[in-house]
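Asker: Need coordinates for the following:
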Amino acid sequence: MENDDVLRKPLVSLAAITVFTGVYTQSLKKMGATYLFGMFLICCIALPDWPFFNRPLSQWRTLNTLDAANHSQSRLKLYPVRLLILTAVYASAFYQWWNFVRA
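Answerer: I've put the predicted structure just below:
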């Protein structure tokens, strides 16, 4: 990654949220679930090499050679179906995590 702050800030925030959850609930299970849920979200949002994955599936085995024209495009393209699927998955995961922490 070119800019480490993109990953550093969510990780520091996750650490603070995990500690707060552990202190508030006094449960290692809930603290661990918060950490795993947060890492899942961070890995799905911040880590993917989007220009690499936006290529056709058959070209994933070749090296990614980006020219200057590709760098001028926005980092993420908006795909409505992908957005709906990700929203449903994240909403479901958040709901399950919230019920676990609240119980």
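
Asker: Would you tell me what the next helix or strand after the helix or strand bottoming out on mean pLDDT in the chain is?
Answerer: Every helix and strand of the chain was ranked by mean pLDDT, DSSP states H and E. The lowest is helix 68-71, at a mean of 50. Moving toward the C-terminus from helix 68-71, the next helix or strand (DSSP states H and E) is helix 80-102.

Asker: Need the distance between the two termini of stretch 18-32.
Answerer: Length of stretch 18-32, first residue to last, Cα to Cα, to the nearest Å: 8 Å.

Asker: mind showing which ranges of the protein have poor pLDDT?
Answerer: The model of the chain has pLDDT under 70 over residues 1-3, 47-54, 57, 60, 63-78.

Asker: 50 - rerun?
Answerer: Within the chain, the stretches with pLDDT under 50 are 1, 67-68, 72.

Asker: Can you name the element that comes right after the helix or strand Thr18 falls within?
Answerer: Element membership for Thr18 (DSSP H and E) is helix 5-25. Scanning forward in sequence from helix 5-25 by DSSP H and E, the next helix or strand is helix 28-45.

Asker: name the helices or strands packed onto that next one?
Answerer: helix 5-25, helix 80-102 (3 or more Cβ pairs under 8 Å, 6 or more residues apart in numbering; DSSP states H and E). Just so you know, the C-beta spots here come from the backbone N, C-alpha and C atoms, and that holds for glycine as well.

Asker: Nothing else from me, thank you.
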